[in-house]
Structures are given as C-alpha cells and as structure tokens.
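*Asks:* Okay, sequence plus prediction incoming.
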Amino acid sequence: MERLSPLDAAFLAIEDEDPHASLAIASLAIAAGPAPSQEEFAAAVTAGLPRIPRYRQKVRRVPLDLGAPAWVDDDAFDLTAHVRRLSVPAPHDEAALSELVALLMAERLDRERPLWQLCVLEGLPDGRWAVLSKVHHCLADGISAAGVQQLLFAGTAPSAPAAAAEPDPGALRLLKSALGDLVTGPFSQLGAVAGSLWHPRALARRVTDIAHGLATLAEALMPVAPSSLGGPISGPRGYAVSSVPLADVAAVAAAFDVTVNDVLLAAVTGGFREILMRRGEEPAPDSVRTLVPVSVRLGGDAVGNEVSLLLPLLPVDLPDPAQRLVRVHRHLRACKTGKEATAGKFVVATAARGPFAPAAWALRAALRLPQHNVVTVTTNVPGPAEPLAMAGREVLALYPYVPIALRLRTGVAMLTYRDRVFVGVTADAGLAADAQVLADSVVSGVAALTAAATSSSSAATRPAGSGSNRRSVPNPNRT
C-alpha cells in the first residue's frame, strides 16, 4: 500500500494540533454560462475520475503513529458526497462570492472520505458560474493541484475505466505493514547510500550545500519584530481576489532585470507596509518574514507534495516601490545562494528515510509551541497557459486559495492562467478587512513599478542636463 510522505503527513498533523486550521488548498474557477445541471456536471467529473486514482482513496492512520498514514481505496465511494451546489447570495457580486468561499474553506474535509470536494456556485452576473475545487494539502501542493484540475476536466475520455476498489485493509494489517517497514526500511536505504559513495566529489559538494543551507535556515528562524500581523488563528476567515496582466509583470521584471516572482513579492510587500501603517505600527525591516514554497518536483505523479522553502524578510520599511523590488530581489537571491531550499529538501528526505514514529511525535510536540519566526505565506504557482473548460464551458478566471495556520494570519497565493496573474488572499478574522488591501496591492504595486520603470527609461534617454527629474533604473545585481 502507498504511504504518505512525511511532508504530506505533516499537513494532517498541523490540522490535528490547530483546532482553527483547515489545511485544504483550492482554486476558484469562474466559467462562462450557462451553468450545467447537477447531472451534467457530475457526469463530467465521473468521466475524469479514472485519471486521478487518488480521488477514490482515503487516508488511514496507523495506530500510535508507528508508521506513516496510508492511502486506501474507499470501497463505499459516493460522488454525491464530493459535489455540492450552492447559490452566491445577494448582491451576487465578487464580494459575496469571496465571502462564500471563505465560509466553505473554513470547513474541514471529512477524513472518512477521499479528501477533495467540488462546489458549484451559481448566481454570478452575466450568467457566469464558478467551481471551488477544494483538496487537502496532504494530497497535493499548488502545482500538482493545478495539474489535477486539468486532468479532471480534460474533456476527452480516459484510456481505461477506474479499477475496482480494494477492501479496507483494517487497523491490524496497517499495523503489521508498519512494523514490517521498521525492520526492512533501514536496509532499503543502503543501496542509495552506497551509490553516493561512488561519486565522492558530488557527495562532498552535496554535503557542503546542505551544511550551508542549514546555517542559512537557522539564521532565518530568528523571531521577527512583534506586530498585529502574527498571532493565534481564530475561526472566521476573510478572502479577497484581484488580477493583473501577466505582460505588465513581465515588463517590469525585464526593466529591472529581476524575476516575475520578485515583482509580485515586492508588490505584496507594499500591501503589508500599508496595513502596518494603517494600524499605527512601525514597518521595521524585520517585521515580516514570509514562507515562500519552492517546487522541487521533477515530474512523475500529479499528486503529493514536492516542495521546499525560502524564508526571506520583506522590506516593509522601504517607502519607495522600486527600492522594495531591488531589496526583495537581493533577499531572495541570498536565500537561493544560501541553499535554503536544498537544506529544506534534505530535512524532508531525511525524515522519509528514518522511522516515521519519532519524526511524527517530534513534529506534534513542536506544533504545540507557538512560533514567532514567520508571519505569512506567499506562493506563486505557474498555471496553464491554454484555456481550460469545465463541462464544456470556458474558464474565464482562476483564483487560488492558500490555507493559514500556525500563527500565520495571512496567506497570499498567486496563480498565472492564460495572460493574467490571479491573486487570492486568505486572512484571519482580525485581518479580514485587510485581505482586499493585500489583493489590491498586487495591482497597485505593479502599476507603481511600471510607472517607475517608464520614468527611469524616459530619464535615461533624455539628453544630459535636460532636467532635474532624471532617475536611473536601479540594477539589482549591483552591490
């Protein structure tokens, strides 16, 4: 039987330890009308299910955490438990839709069933409708979740029908299997270790990178300056959305010689600065550290989590948007050259090779301690460049949703789809009113950076001495 990785299982553990957390990620697809009937939509989902066997499996825990949880077939699978249909309340606008999404995402998925749900949301203007695709983080990360959605609504018949479900193995068989893994597990790693010894130079370089990365991560785990942005999570959620043309973001990135991700993160930084200033708080250089997931996926399955992380500080102390962009670029570059992602990947891989129980017990103990190192999570996922369709209707917009937990009171998710970057912001109750500020900060931040790039370009081409407003484009690669 296939088991969850330590990282997959960690998302279950976080949910277990935080009563206010719901560790599901999601996408909100806005589609052209008219909305399909429930029967038509269910038929489209049924046609796509054979492409995603995991959607017919549920999680079974091993007694006493003596082994990693296992994926087992749901021999009583019922599609009606996974497809809901609701109407967006009056006035049927974007705000009402966002409020409904926040309520739905606060509900935990039923662990006795496969951990996904599709909610058809009717009643949007111009005959449009939406689908909230909700999946537990233990089943997929942002990139794999986007891939799963494409598979589910591929529009072509699968090559083979779904395999018949295997019966539930039961707790005793799960326990026997886990005990067997405890005996054979260490020996299964000898081949990998022996293989690495044949390449001493590569091994030495790998060890050096990991040591460097662990040292960088240790520095990044220093507590941040206290602010209202961090703190315990409560029950209610806020959710807000926005979007910006991808071409505008790419143009700014080219003008400043940085990455698209740098531009988006710098724009979000401006939003956090605005929130702090509105609250009368000092936006100090160490006020906001964010967790930035980094994909280490090399292909293979379209499910599971294959991510590491970066932990940069966001320069909320800087009032100038261009200066913030340069500083964000330098911070991210320092995280990358410091091998933070390599170290994170090593920690996860090490946990996967050792006995599950000690790692699980240690994680649960750590989760009971309040963390004061990270304030928010910001993720940018490359989505499909080609148009998607659901039940034959074109998807017009695709907004992401990222969960919050562990005193991270806000989460900012960005997803590229076709020619736009779609933004979804999750916020705890105390910051719910600021969710739209963060969502709008991506739009206003990109606009401000576009203006700065245009102004700098015009000044650079103006003859010397033609005016006092000349300003050069800062080169983030120059120290």
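*Replies:* In hand now; what should we look at? Numbering: from 1, shown residues only.
*Asks:* since we're on Ala389, how many residues are nearby?
*Replies:* By the criterion of other C-beta atoms under 10 Å, Ala389 has 15 neighbours. (Glycine included, C-beta is placed from N, CA and C.)
*Asks:* For Thr184, report the pLDDT, please.
*Replies:* For Thr184, the model assigns a pLDDT of 56.
*Asks:* Quick check on Ala31: phi, psi?
*Replies:* phi -120, psi 160 (degrees, to the nearest 10).
*Asks:* And for Ile143?
*Replies:* phi -70, psi -50.
*Asks:* neighbours of it, just the number please.
*Replies:* 19.
*Asks:* where's the nearest residue to it once chain neighbours are set aside relative to Gln149, distance?
*Replies:* Leaving aside its chain neighbours, Ile143 sits nearest to Ser295 (5.3 Å; criterion: C-beta to C-beta, 6 or more residues apart in numbering). Ser295 is 17 Å from Gln149, where distance means C-beta to C-beta, to the nearest Å.
*Asks:* circling back: who's the residue nearest to Ile143 bridged to?
*Replies:* On the basis of DSSP bridges, Ser295 is bridged to Val307.
*Asks:* where do the helices sit along the stretch 101-250 of the chain?
*Replies:* 142-152, 170-188, 190-197, 200-220, 246-256 (DSSP state H, counting those that start in this stretch).
*Asks:* Mean pLDDT lowest where, among those helices?
*Replies:* Across these, helix 190-197 gives the lowest mean pLDDT, at a mean of 48.
*Asks:* hang on, the earlier thing: neighbours around the residue nearest to Ile143, how many?
*Replies:* 17.
*Asks:* residues touching it, list them.
*Replies:* 141, 143, 306-307 (C-beta atoms under 8 Å, 6 or more residues apart in numbering).
*Asks:* what does Thr378 give?
*Replies:* 265, 268, 290-292, 411-414.
*Asks:* if you set the cut-off to 10 Å instead, what comes out?
*Replies:* 261, 264-265, 268-269, 272, 288, 290-293, 310, 312, 314, 402, 410-414, 425, 438 (C-beta atoms under 10 Å, 6 or more residues apart in numbering).
*Asks:* Model confidence for it, exactly?
*Replies:* 96.
*Asks:* Relative to Val423, how far out is it?
*Replies:* Thr378 is 10 Å from Val423, by C-beta to C-beta.
*Asks:* Over to Ala42?
*Replies:* On the measure of C-beta to C-beta, Ala42 and Val423 end up 31 Å apart.
*Asks:* More neighbours: these two, which one.
*Replies:* Val423 (26 against 19).
*Asks:* Would you state the strands of the stretch 351-479 of the chain in chain order?
*Replies:* Along the stretch 351-479 of the chain, counting by DSSP state E, counting those that start in this stretch, strands occupy 376-382, 389-390, 393-401, 410-417, 420-428.
*Asks:* starting at the chain centroid, how far to the last one?
*Replies:* So that's strand 420-428. Relative to its chain's centre, strand 420-428 lies at 11 Å (C-alpha atoms, centre = their mean, to the nearest Å).
*Asks:* Tell me the strands beside that strand, with direction?
*Replies:* Assessed with DSSP bridges, strand 420-428 is paired to strand 237-245 (antiparallel), strand 410-417 (antiparallel).
*Asks:* For that strand, C-alpha coordinates in PDB please.
*Replies:* The C-alpha coordinates for strand 420-428 follow below in PDB (Å, rounded to 0.1, in the frame of the first residue of the first chain):
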ATOM      1  CA  ARG A 420      -3.100  37.100 -16.300                       C
ATOM      2  CA  VAL A 421      -1.900  36.700 -12.800                       C
ATOM      3  CA  PHE A 422      -4.800  35.900 -10.400                       C
ATOM      4  CA  VAL A 423      -4.400  36.700  -6.700                       C
ATOM      5  CA  GLY A 424      -6.200  35.100  -3.800                       C
ATOM      6  CA  VAL A 425      -5.600  36.400  -0.200                       C
ATOM      7  CA  THR A 426      -6.700  34.400   2.900                       C
ATOM      8  CA  ALA A 427      -6.800  36.300   6.200                       C
ATOM      9  CA  ASP A 428      -7.800  35.500   9.800                       C
END
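*Asks:* Begin at 16 from now on, thanks
*Replies:* All right, first residue 16 from here; so that's strand 435-443.
*Asks:* Next, the angle from that strand to helix 261-271.
*Replies:* 90 degrees (axes from the mean of the first three to the mean of the last three C-alpha atoms, to 10 degrees).
*Asks:* Next, the angle from strand 435-443 to strand 391-397.
*Replies:* Angle, strand 435-443 to strand 391-397, by the same axes, to 10 degrees: 160 degrees.
*Asks:* And the strands in the stretch 16-165 of the chain, which stretches?
*Replies:* Under DSSP E, counting those that start in this stretch, the stretch 16-165 of the chain gives strands at 39-46, 72-75, 85-88, 98-102, 131-137, 144-151.
*Asks:* among those, which is the most enclosed?
*Replies:* strand 39-46 (a mean of 26; mean count of other C-beta atoms under 10 Å).
*Asks:* That strand pairs with which strands, parallel or anti?
*Replies:* Partners of strand 39-46 in its sheet, by DSSP bridges: strand 144-151 (antiparallel), strand 408-416 (antiparallel).
*Asks:* Which positions within the longest one qualify as buried?
*Replies:* I take that to be strand 408-416. 408, 410-416 (16 or more other C-beta atoms under 10 Å).
*Asks:* Give the full set of residues in contact with the nearest residue to Trp86 once chain neighbours are set aside.
*Replies:* Nearest in space to Trp86, with sequence neighbours left out and distances taken as C-beta to C-beta, 6+ apart, is Gln72 at 4.4 Å. By C-beta under 10 Å, 6+ apart, the contact set of Gln72 is 16-17, 85-89, 92, 128-130, 154, 180-181, 318.
*Asks:* Could you check how far stretch 122-137 is from the centre of its chain?
*Replies:* On C-alpha atoms, centre = their mean, the centre of stretch 122-137 falls 18 Å from that of its chain.
*Asks:* same check, this time on stretch 458-467
*Replies:* For stretch 458-467, the distance to the chain centre is 24 Å (C-alpha atoms, centre = their mean).
*Asks:* Tell me which residues are up against it.
*Replies:* Stretch 458-467 has contacts (C-beta under 10 Å, 6+ apart) with 257-260, 263-264, 266-268, 270-271, 273, 278-286, 289, 335-340, 436, 438, 452, 456, 486, 488-489.
*Asks:* now the lengthiest helix in the chain and strand 391-397, what's the angle there?
*Replies:* Ranked by residue count, the top helix of the chain under DSSP state H comes out as helix 450-476. Going by the same axes, to 10 degrees, helix 450-476 is angled at 60 degrees with respect to strand 391-397.
*Asks:* Could you give me the buried positions within helix 450-476?
*Replies:* 450-461, 463-465, 467-468, 471.
*Asks:* what do you get for stretch 385-402?
*Replies:* 387, 389-396, 398-399.
*Asks:* from those residues, which single one is nearest Ala169?
*Replies:* Within these, distances to Ala169 taken as C-beta to C-beta reach their minimum at Pro399, with 11.4 Å.
*Asks:* Test my guess that that closest one contacts Gln165.
*Replies:* Yes - the criterion here is C-beta atoms under 10 Å, and Pro399 meets it with Gln165 at 6.1 Å.
*Asks:* residue contacts, the closest residue to Leu130 other than its chain neighbours?
*Replies:* Using C-beta to C-beta, 6+ apart and skipping the chain neighbours, the partner closest in space to Leu130 is His151 (3.6 Å). By C-beta under 10 Å, 6+ apart, the contact set of His151 is 23, 26-27, 30, 37-40, 74, 123-124, 126, 129-132, 418.
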